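> A predicted structure for the sequence below; I have some questions about it.
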Amino acid sequence: MSEHESVDARYQNAIRRFQDHLTRAEDGTFRLGVEDGAKIGVDPVVFADLKRSLEETNRKIRDREIDSKQVGNWP
């Protein structure tokens with residue numbers, strides 16, 4: 001993170017990059033097509049936070065706590 005980039009901006013930029021690598025599986029869960037944040041220019045700590053959030057979202061989808069259509073407009 002640069003000196004001038006806020007934490008919010010760092011996460012917003014990371015989310016945009018992260019989303020570029022998401023696909024929706026047939027069961028409605030989301031799949032991330034990259035395993036390493038460095039490959040997409042995302043700080044490892046931020047990547048880990050986003051990946052944990054994705055895993056929790058997928059758990060809620062599998063448990064029918066939420067519908068995947070509530071989450072986003074990915075193919």
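Looks like it arrived, so ask away. Numbers count the residues shown, from 1 in each chain.

> Could you double-check that I61 lies in contact with Q70?
No. Between I61 and Q70 there is no contact, the gap being 9.1 Å when judged by CB atoms under 8 Å. For the C-beta atoms, the positions are set from N, CA and C on the backbone; glycine is no exception.

> Of the two, which one has the most company?
Remark: of I61 and Q70, I61 carries more neighbours, 21 against 9, as counted by other CB atoms under 10 Å.

> Tell me the spacing between that one and S6.
31 Å (CB to CB, to the nearest Å).

> Ok, L32 next?
Taking CB to CB, one finds L32 at 25 Å from S6.

> cool, S68 as well?
For S68, the distance to S6 - CB to CB - is 30 Å.

> So which of the two has more stuff around it?
Taking other CB under 10 Å, S68 and S6 do not tie; S68 has more neighbours (18 against 10).

> now the more buried one, nearest residue through space, not along the chain?
Leaving aside its chain neighbours, S68 sits nearest to G28 (3.7 Å; criterion: CB to CB, 6 or more residues apart in numbering).

> And that neighbour, what's its pLDDT?
At G28, the predicted lDDT confidence score is 92.

> Equivalent analysis for the one 3 residues further on, please.
Confidence at R31, expressed as pLDDT, is 95.

> For it, give me the backbone phi and psi.
Main-chain dihedrals, R31, degrees, to the nearest 10: phi -120, psi 140.

> Can you give me the separation between it and F47?
15 Å.

> Which one of the two is surrounded by more residues?
Neighbour totals were compared for R31 and F47, and F47 leads with 22 against 12 (other CB under 10 Å).

> I figured the more buried one was touching G37, is that so?
Yes. F47 lies in contact with G37 (CB under 8 Å); the separation is 2.8 Å.

> who touches both of these two?
A14 (CB atoms under 8 Å, 6 or more residues apart in numbering).

> now V71: how far from D8?
21 Å.

> what residues are up against I15?
By CB under 8 Å, 6+ apart, the neighbours of I15 are L50.
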